[in-house]
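S.K.: Fold the following, please.
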Amino acid sequence: MKRITTLCLLFLALPLAALRAQTAASVTWPLNPTTTVTATSGGAATASSETIGSYFTNSLSYHAAPDWQGIVLNPGGVGTTMAGAHANGSYVQFKISPSAGNILTVKNLALKLGGNNNSFLTSIEYSVNADFSNPTILGTPTGAALFPATNTMYQFNYPIPNVLLAPGQTLYVRIYASHTQTSSRSLYVGNVVLSGTTVADAGNVTVVDNGTTVNLKNGIVDATITKSNGEITTLMYNGADALAGGHNGGKFYWSWNMPNYQNPTGCTYTLVTNPSSNGNTLAEIKLRMTWNGSATTAAMDVDIYYSIKRNVSGIYATAKLSHPSSYPANPGGEWRMAAYPGSTYNWMSVDNARNMLMPSAADMAAAAPVPGAPQEVVRLTTGAFANRYECKYDYSADIGDLDVWGWSSTSNKTGIWITAPSKEYYPGGPMKRELMCHVDPVMLNMFGGTHYAMGTDNDIAAGETWSKIYGPFLIYCNKVPTSTSNAQNVLWSDAKTQAKAEQAQWPYSWFTESSYVKSSGRGSITGKLVISDPTVPSASAANMWIGVAKTPSSITGVTDFQMWAKNYQFWVKTDASGNFTIPDVIAGTYNMYAFGPGAAGEMEKLNFVTVTGGGTTSLGNVTWIPDRLAPTVWEIGIPDRTAKEFKHGNDWWVGGVYPDLDWAKFMDYKDEFPNEVTYTIGQSNWATDWNFVQPYNVAGTKQTVAPEWKVKFNLTAAPTSGSNSSVYIAVASAYSAPMFVKINGTNITVPTTGVNFPNPSNATIRKGIHGAFGDLRFTFPSSLLRAGANEISFTVRKSGGDIQYDYLRLEAPGTTTTLASTNSNSVVLNGSLNSGAEESKNTVLYPNPVNSSLYVQFYAENEGKVKCTVINAIGASIKNFDVEVLEGKNLLTTDVSNLAAGTYFIKINSGNKTSTLRFIKL
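M.R.: Alright, predicted model coming up:
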């Protein structure tokens, strides 16, 4: 029986913000996949089957049947591959190119896969290089997840991050197949559809030297740049200047405070890349400022680069700071690129919560100061937002959460954006919080900011040789037809897609600065994070930040990656199983770090991993054993380094409306908690009963009594005699807030007057939900706890400061807490949070934390029905359902999207065995 696939490669115009008029084109692969085709539809693209590759002896053949193609693998599996073979075995490859005069943007790959066995391992990859070097993996569907049933086709869909192909460029796609069986197997590939857009080539890149200014053009944008200071003073797009009417006339500029406020001056201009040398596809200029030797200016050299590419709707910017060994010490400080977009831009997009119409520059000019508030806070008196309080800190965000931010115009339907093709050059790790956009309008790219006390260790010693490159990053312009409804969100969606496309191209092959490390000098790190906590066998490593960084030189000896600014850092989040791939890491030996909701604290492994250029370092399991003194008795919060799970965690940045004088959410504290916070384990809900901040200074007026928060709980027994217990406290931000802790009235703090948390950061006054993370452990004799009722209090000494909590936990041996249920049933959980710990070792739930669908994998001793119960944090049963199971391994799923944020448990009763596992609903 012969089977053969018809592969249909379709290029479909998508309703996104196109640069110019789009053209649809389609190409069909013929029945004989080894036949090269050049037929096109619409004349906009060509495609062909390029190579059928086999790394198994006689392993690849084709079987004729409509809409099917079989890759047949001979016995032996991966272990019999020939020398130099790809680890994934045999493959089929095809290629796509734009036809003359067109550019092609590939956006999505859809295909069907099927086979006669569920042992397959596959890898679906693409590359823009003819030798298939530096491929990007779209997906690796494997095993039973790939083929739940044999001889059945399953649909797969993989977004491609806007791969843009200029005339003469080609995209190569390979579908690899291998298996682990020792008998012949067949993999079927069918109905392949590539979706994208084609547009006419915009034309040549040109450079026009005007003497004091220079213009970079590509037929889409035209940027006028001042040679002496690196400012972009006009940015022509869509027939208009995108900077017209902006603050100070509208411009992009660079500035720093090291030690004093300064801009580039007296720069030397160089045409680095002449477009005439590359077919008019790329131009690049450099503007260099050398230190003038003055003690009042920063002792460093500054290089500003601007690059423009053919058919790219924007201009790339890059900066390099250098400190030769001959220079004196240079103090650290802020460092940024800033922009004043034109007055037509009125809609700001930072994230889903801060995606909104904004006050006008005229509204801001008429705004009134707010007595007792920082100078950044004003009260609007005109326009649609009259009586609303406005502050630039309302719109701060974590750089690790964003790929792009910027502005759009609801009138002319255009957008202007800053993209982040890489996060490696930003300071402070993935949760570095910074200003992104604010009114006037303003758009920022903060490479070194001190607002939230992260990434601040950038002092340079006398005699130290140091340099760092920031970028390249794309300043992106886009548009949609004027008839487009909801244009601002269409533009933002397109900008996010473009940012992903830029990330897929990182590191850029075209940027030639000598210290910028290309792909050949970078490698990848793969592995699986495993949290090993004997008291919590179900601990999940899902959705954790994991990253690597080299320890930089530090005048003050700082060893916390949150504070580092002089090095490069590489971070990703783990998947639902804890797996991770950190791509594009510059070759070298690195420390590895991890943190997130699955465990408290931080994993740190010094000089743990070495990366080689062009290689992949496979670590296997990376085990983190979190610090703890004893099993958990109770916990409050999620160890994610934010206060988002607590009261006002979803609107912390929203102030009141005049005549309400509370211009910030933290000022509502005394109205909402007139008697401070009293939290009862088993009854209270941290989403409503634990405030996002414990403030001492409210509304500019100090409280008369130091705020004391109390946690009440019952113990089933006194802890183990002669043992120690511990209160672990992690803070998302703390500022001038010495704390002392009491156990049943006994102050256990040393000194008793209070201790400050490390890494002080004033996130509250800057309307953030976190700043720099810090944690402390308070250890005490377990004899201070008793069977029955107990109380632990947390007091901020009179200081004028505040604390934003991240996570609190009581650890004590030999005891548990009873969670009183609202339905009079009680649920007693031991330290591992399992009532059947041995069974729970074989029970896994994921993802955890979860937004919607929760999956639970467990083993049943017999076929039949199991009872499942979802229990909330106070022990109440809120959902019950039965599941028919087979003997052995089972997988169930339940929708928890309607649950409020917080901690829950799922209990599975199978026969006489019970497993209870904790999960966190986001």
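S.K.: Surely Ser127 touches Ile160?
M.R.: No. Contact between Ser127 and Ile160 fails when scored by C-beta atoms under 8 Å: they sit 11.8 Å apart. (Glycine included, C-beta is placed from N, CA and C.)
S.K.: Neighbour count: those two, which is higher?
M.R.: Neighbour tally, Ser127 and Ile160, criterion other C-beta atoms under 10 Å: the higher count belongs to Ile160, 21 against 18.
S.K.: Chain neighbours aside, what residue packs nearest to the more buried one?
M.R.: Leaving aside its sequence neighbours, Ile160 sits nearest to Val106 (C-beta to C-beta, 6 or more residues apart in numbering; 5.1 Å).
S.K.: Summarise which helices and strands the helix or strand hosting the one you found is packed against.
M.R.: If you go by DSSP states H and E, Val106 is part of strand 102-115. Judged by 3 or more C-beta pairs under 8 Å, 6 or more residues apart in numbering; DSSP states H and E, strand 102-115 is in contact with strand 90-98, strand 120-127, strand 154-165, strand 171-179, strand 185-200.
S.K.: Please, where are all the helices along the stretch 151-300 of the chain?
M.R.: With DSSP state H, counting those that start in this stretch as the criterion, the stretch 151-300 of the chain has no helices.
S.K.: So, low pLDDT: which residues of it?
M.R.: 151-153, 162, 177-195 (pLDDT under 70).
S.K.: Let's see that with 90 instead.
M.R.: The stretch 151-300 of the chain contains residues with pLDDT under 90 at 151-203, 259.
S.K.: Any idea which helix or strand in the chain has the lowest mean pLDDT?
M.R.: Of the helices and strands making up the chain, the lowest-confidence element is strand 826-829, at a mean of 26, by mean pLDDT, DSSP states H and E.
S.K.: okay, stretch 857-869 in CSV with CA atoms only?
M.R.: Output in CSV follows, covering the C-alpha atoms of stretch 857-869 (Å, rounded to 0.1, in the frame of the first residue of the first chain):
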residue,chain,number,x,y,z
GLN,A,857,-2.1,12.5,36.4
PHE,A,858,-2.6,9.6,38.8
TYR,A,859,-2.5,5.9,39.1
ALA,A,860,-5.6,3.8,39.9
GLU,A,861,-5.2,0.2,41.3
ASN,A,862,-8.5,-0.9,39.7
GLU,A,863,-10.9,0.1,37.0
GLY,A,864,-13.9,2.0,38.2
LYS,A,865,-15.0,5.4,39.5
VAL,A,866,-13.0,7.8,41.6
LYS,A,867,-14.3,10.8,43.5
CYS,A,868,-12.6,14.2,43.1
THR,A,869,-13.2,17.2,45.3
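S.K.: So for it, what gets flagged as buried?
M.R.: Judged by neighbour count using 16 or more other C-beta atoms under 10 Å, the buried positions of stretch 857-869 are 858-860, 866, 868-869.
S.K.: for stretch 555-574, same thing?
M.R.: Going by neighbour count (16+ other C-beta under 10 Å), the buried part of stretch 555-574 is 558, 560-572, 574.
S.K.: Repeat that for stretch 95-106.
M.R.: Per 16+ other C-beta under 10 Å, stretch 95-106 contains these buried residues: 95-99, 102-106.
S.K.: Pick out whichever of those sits closest to Glu604.
M.R.: Distances from Glu604 to the buried residues of stretch 95-106, taken as C-beta to C-beta, are shortest for Val106 (40.6 Å).
S.K.: what is that closest one paired to in the beta sheet?
M.R.: Beta-bridge pairing of Val106 under DSSP bridges involves Val163, Gly196.
S.K.: what's the distance between it and Pro374?
M.R.: 48 Å (C-beta to C-beta, to the nearest Å).
S.K.: ok, now Phe858?
M.R.: For Phe858, the distance to Pro374 - C-beta to C-beta - is 53 Å.
S.K.: With Tyr261 instead?
M.R.: As for Tyr261, its distance to Pro374 is 19 Å (criterion: C-beta to C-beta).
S.K.: Which of the two has more residues huddled nearby?
M.R.: More neighbours surround Pro374 than the other of Tyr261 and Pro374, with 14 against 10 (other C-beta under 10 Å).
S.K.: wait, the more buried one sits on Lys767?
M.R.: No. With contacts counted by C-beta under 8 Å, Pro374 stays clear of Lys767, the gap being 9.6 Å.
S.K.: which neighbours do these two share?
M.R.: Common contacts of Pro374 and Lys767 (C-beta atoms under 8 Å, 6 or more residues apart in numbering): Cys391.
S.K.: Let me see the residues that make contact with whichever helix in the chain runs longest.
M.R.: When the chain is parsed with DSSP state H, its longest helix is helix 487-504. Here helix 487-504 makes contact (C-beta under 8 Å, 6+ apart) with 15-17, 105, 107, 136, 159, 161-164, 313, 347, 349, 355, 403-404, 406, 408, 410, 413-415, 417, 419-422, 473-474, 476, 478-480, 484.
S.K.: and the next element down the chain from that helix?
M.R.: Taking DSSP H and E, what comes next after helix 487-504 is strand 522-531.
S.K.: Note down every partner strand of the helix or strand following that next one and its orientation.
M.R.: Scanning forward in sequence from strand 522-531 by DSSP H and E, the next helix or strand is strand 545-549. Strand 545-549 has these partner strands in its sheet, going by DSSP bridges: strand 569-573 (antiparallel), strand 588-596 (antiparallel).
S.K.: now these in TSV, with distance to Ile582 and mean pLDDT?
M.R.: Listed next are the strands paired with strand 545-549 as TSV, based on distance: least, C-beta to C-beta, whole Å; pLDDT from 0 to 100:
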stretch	distance to Ile582	mean pLDDT
strand 569-573	5	98
strand 588-596	9	99
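S.K.: among these, which is nearest Gly814?
M.R.: Comparing the strands paired with strand 545-549 by C-beta to C-beta, strand 588-596 comes nearest, at 29.4 Å.
S.K.: can you dump the C-alpha coordinates of the helix or strand following the closest one into PDB?
M.R.: Going down the chain from strand 588-596, the next helix or strand is strand 599-611, by DSSP H and E. Taking C-alpha atoms only, strand 599-611 is exported to PDB below (Å, rounded to 0.1, in the frame of the first residue of the first chain):
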ATOM      1  CA  ALA A 599       9.300  27.300  45.900                       C
ATOM      2  CA  ALA A 600      10.200  30.100  48.300                       C
ATOM      3  CA  GLY A 601      13.600  31.800  48.000                       C
ATOM      4  CA  GLU A 602      16.000  31.400  45.200                       C
ATOM      5  CA  MET A 603      18.100  28.700  43.600                       C
ATOM      6  CA  GLU A 604      21.800  29.800  43.100                       C
ATOM      7  CA  LYS A 605      24.400  27.600  41.500                       C
ATOM      8  CA  LEU A 606      27.700  29.400  41.100                       C
ATOM      9  CA  ASN A 607      29.900  28.600  38.000                       C
ATOM     10  CA  PHE A 608      27.400  25.900  37.200                       C
ATOM     11  CA  VAL A 609      27.200  25.800  33.400                       C
ATOM     12  CA  THR A 610      29.500  26.400  30.500                       C
ATOM     13  CA  VAL A 611      28.200  27.500  27.100                       C
END
